[in-house]
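Trainee: structure of the sequence below:
(chains A and B)
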2 protein chains.
Amino acid sequence: MEKYPLFRHPSDNEPEESRGKLKDGPIELKNPHIQTMEEDVLYHLALSNKSHDLTEMFHDVKFVCFGGSPKRMEKFASFMAKELHLKIPAGMTLQNISHGSDRYVLYKVGPVLSVSHGMGIPSLSIVFHEILKLLHHAGCTDVKMFRLGTSGGLGLDPGTVVISEGAVDGLLRPYMEIATLGMILQHPAFLDKELNEELLTIAEELGFKAVIGKTMCTYDFYEGQARLDGAFCDFNEDHKMSFLKRIHERGIKNIEMESLCFAAMAFRARVKSAVLCCTIIDRLKGDQITASHEALEEWQERTQKIISRYVQKQLGMI
Amino acid sequence: MEKYPLFRHPSDNEPEESRGKLKDGPIELKNPHIQTMEEDVLYHLALSNKSHDLTEMFHDVKFVCFGGSPKRMEKFASFMAKELHLKIPAGMTLQNISHGSDRYVLYKVGPVLSVSHGMGIPSLSIVFHEILKLLHHAGCTDVKMFRLGTSGGLGLDPGTVVISEGAVDGLLRPYMEIATLGMILQHPAFLDKELNEELLTIAEELGFKAVIGKTMCTYDFYEGQARLDGAFCDFNEDHKMSFLKRIHERGIKNIEMESLCFAAMAFRARVKSAVLCCTIIDRLKGDQITASHEALEEWQERTQKIISRYVQKQLGMI
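Mentor: Have a look, this model is predicted:
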């Protein structure tokens, strides 16, 4: 059982040379109970290590890509099939592996998994737990994880891709809190600097506006993100702008709802990961998302194109 | 602008006779900005008060039923169409009104809305904001809201329906916290006692095991609900059982992931509401959900049958 001393960074327990470092290698679960379980049902993915041969199905996975919307992640899977020149035999098509559940979709395209996570930290958290267990049971190694999302931006033209340097909560705290057996435990949300720089280079090669910056992650889309257009609002335009400008001055480039959990869980598992969000509105200019469907579609494809090129490079295709 | 004094219950601002009372009547938004907006885009529902005649579409809505799974809420809509003897003209079928978005599904069956909310508080929160605005724009009155869910139970046979007396977070705090412009605001999560008793009577009429009790609502399914089978776990069976027994002794009957937000937002809007969850596992006996698909289906239908009978009674059909 790993011991977490109070008031110290969890990585302080690690040998000094690897402290806080993200590493390649197998996916090691930080849960000693899993190995004693007769069966591990990945309930929300409609899979189990007894009913399915997870090693056969998933052992070659190297890249796990998450996004909120099931349709978008289905489209991403089809897109990646083309980009990776995956030969789909005549009479066959890509299938949602988790079709037995309607909570998430899960597609596999060669070494790439495309997974939907729904909206918000709790929804992402469930599927992240189960994907980590899946990768562990399948014996996957050297896996990298990505969240491809949309977000409000701060002081950026819509369409700009923000690569998260790190994630903070609505009070600028750089950790995710989980109430665990009556205690609030804090899990730091660090992301991989080196990976971020590779992704920024690729974004620039593709001609996209892109920045590396801090991401604010909230539990509420309306009041939590200083919007004036929710069902409830007890602040005014001045309060809102004052808040948004203050966080912008402190380096926040965008606001969304999953990065804190994504970064915290990936860091806790010591898996290299990155969060890429395309901004679809400049929150310093407004609240409502009114861009055309076509513009939104094109912007959302930018993060997909960046990841595709990254994967192609890693596979030595380009 | 409504004023919320610090350290006082929000309902203290109301006249003494109605303090904290839930009332029938129109849906009044607690946001003065909405009336000044030229257009209100309900982005995640793919609706707007400019592109759609929300009054014509929704003015007769009296019952809004939320549930996590889109497929289950589609089935609930079909079920209610039968139960309310809704005549669907030849060549027509029920349609997901929010088909322009794949975030949520929204069906209308006479005076009943069937809405999916995904998993977890943030996901529910977004759709709840937008449904309240929809009901307001449509001029709906005397609306009641229900969450129909599944949950882990404590000391209850699976299949038991828990009607939430109130919701608490993972530390037993009876309010939802929202980080709002750099402050943590607390919104109390009260539910309607009278409505709960009506629902309990109906459950008993239908022959279902049902109880009224407190519901714990967590942000995390695994560690947050004291499960030993997540990707991370730094506690053991004794810690887990000690925690679950302690909360059980303090009146917690079930654990799920949305009730706190549902109760807090409905109470804040002063809309009568109830949370009904069918338990699918006794957490005092285990973590993994292994009940058969058929058993799970039948259990999940119980909350739907209770609400159907409640609606039929309200409409004078029985």
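Trainee: for A:Leu191, give me its contacts.
Mentor: A:Ser164, A:Glu165, A:Gly166, A:Ala167, A:Ala263, A:Ala266, A:Phe267, A:Ser273, A:Ala274, A:Val275 (C-beta atoms under 8 Å, 6 or more residues apart in numbering or on different chains). The C-beta positions use only the backbone N, C-alpha and C, and glycine is treated the same way.
Trainee: try 10 Å this time
Mentor: If you count contacts by C-beta atoms under 10 Å, 6 or more residues apart in numbering or on different chains, A:Leu191 has them with A:22, A:147, A:163-167, A:212, A:215, A:259, A:262-263, A:266-267, A:272-275.
Trainee: now A:Leu106
Mentor: By C-beta under 10 Å, 6+ apart, the contact set of A:Leu106 is A:42, A:45-47, A:58, A:64, A:70, A:73, A:77, A:95-99, A:113-116, A:127, A:130-131, A:134.
Trainee: in strands only, show me these.
Mentor: Using DSSP state E, the subset of those located in strands is A:Leu42, A:Leu47, A:Val64, A:Leu113, A:Ser114, A:Val115, A:Ser116.
Trainee: so which of those reach chain B?
Mentor: A:Leu42, A:Ser116 (C-beta under 10 Å from any C-beta of the partner chain).
Trainee: would you list the buried entries among the ones in strands among the contacts of A:Leu106?
Mentor: Buried members of the ones in strands among the contacts of A:Leu106, scored by 16 or more other C-beta atoms under 10 Å in any protein chain shown, are A:Leu42, A:Leu47, A:Val64, A:Leu113, A:Ser114, A:Val115, A:Ser116.
Trainee: nearest spatial neighbour of the first one, chain-adjacent residues omitted?
Mentor: In other words, A:Leu42. Once flanking residues are discounted, A:Leu42 sits nearest to A:Glu130: 4.3 Å by C-beta to C-beta, 6 or more residues apart in numbering or on different chains.
Trainee: so who does that neighbour touch?
Mentor: By C-beta under 10 Å, 6+ apart, the residues touching A:Glu130 are A:40-45, A:47, A:98, A:103-104, A:106, A:115, B:221-222, B:229-231.
Trainee: max pairwise distance over the buried ones among the ones in strands among the contacts of A:Leu106: which two?
Mentor: Farthest-apart pair in these is A:Leu42 and A:Ser114; separation 16.5 Å (C-beta to C-beta).
Trainee: checking A:Thr93 next. Helix, strand or coil?
Mentor: Three-state call for A:Thr93 (DSSP: H, G, I helix; E, B strand; the rest coil): coil.
Trainee: number of residues surrounding it?
Mentor: Neighbours of A:Thr93 under the rule other C-beta atoms under 10 Å in any protein chain shown: 8.
Trainee: let me see the backbone angles for the nearest residue to A:Ser98 once chain neighbours are set aside.
Mentor: Distances taken as C-beta to C-beta, 6+ apart put A:Leu106 closest to A:Ser98, at 4.2 Å, once the chain neighbours are dropped. Main-chain dihedrals, A:Leu106, degrees, to the nearest 10: phi -140, psi 120.
Trainee: what's the answer for A:Asp192, then?
Mentor: phi -90, psi 110.
Trainee: can you tell me, leaving aside adjacent residues, what's nearest to it?
Mentor: Per C-beta to C-beta, 6+ apart, closest to A:Asp192 is A:Lys272, 4.8 Å.
Trainee: so what's that neighbour bridging to?
Mentor: Assessed by DSSP bridges, A:Lys272 has beta-bridge partners A:Lys144.
Trainee: that one: neighbour count?
Mentor: Here the count is done by other C-beta under 10 Å, and A:Lys272 has 19 residues near it.
Trainee: could I get the ones in strands among the contacts of A:Leu106 as a markdown table with pLDDT?
Mentor: Formatted as a markdown table, these follow (pLDDT from 0 to 100):
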| residue | pLDDT |
| --- | --- |
| A:Leu42 | 96 |
| A:Leu47 | 97 |
| A:Val64 | 98 |
| A:Leu113 | 98 |
| A:Ser114 | 98 |
| A:Val115 | 98 |
| A:Ser116 | 98 |
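Trainee: was I right to think A:Asn185 contacts B:Leu171?
Mentor: Rather than Asn, residue A:185 is Leu. No: at 11.9 Å, A:Leu185 does not count as touching B:Leu171 under the criterion of C-beta atoms under 10 Å.
Trainee: neighbour count: those two, which is higher?
Mentor: A:Leu185 (17 against 10).
Trainee: any idea which element the more buried one lies in?
Mentor: strand A:183-188 (DSSP states H and E).
Trainee: check which helix or strand A:Lys75 maps to.
Mentor: helix A:70-83.
Trainee: for A:Val211, same thing?
Mentor: Here A:Val211 is assigned to strand A:210-217, by DSSP H and E.
Trainee: next helix or strand past that strand?
Mentor: That would be, after strand A:210-217 and using DSSP H and E, helix A:237-249.
Trainee: helix or strand right after that following helix?
Mentor: Sequence-wise, the next helix or strand downstream of helix A:237-249 (DSSP H and E) is strand A:252-256.
Trainee: now for the next helix or strand after that following strand, which elements pack on it?
Mentor: On the C-terminal side of strand A:252-256, the closest following helix or strand by DSSP H and E is helix A:259-268. Applying 3 or more C-beta pairs under 10 Å, 6 or more residues apart in numbering or on different chains; DSSP states H and E, one finds that helix A:259-268 makes contact with helix A:121-137, strand A:144-153, strand A:161-168, strand A:175-180, strand A:183-188, strand A:210-217, strand A:272-282.
Trainee: mean pLDDT added to those, as a markdown table?
Mentor: Below are the helices and strands packed on helix A:259-268 laid out as a markdown table (pLDDT from 0 to 100):
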| stretch | mean pLDDT |
| --- | --- |
| helix A:121-137 | 98 |
| strand A:144-153 | 96 |
| strand A:161-168 | 97 |
| strand A:175-180 | 96 |
| strand A:183-188 | 95 |
| strand A:210-217 | 98 |
| strand A:272-282 | 97 |
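Trainee: now chain A, which segments are flagged as low pLDDT?
Mentor: A:1-23 (pLDDT under 70).
Trainee: is there proximity between the longest helix seen in it and chain B?
Mentor: Among the elements of type helix in chain A, defined by DSSP state H, the one spanning the most residues is helix A:293-314. Yes: using C-beta under 10 Å from any C-beta, helix A:293-314 comes into contact with chain B via A:His293.
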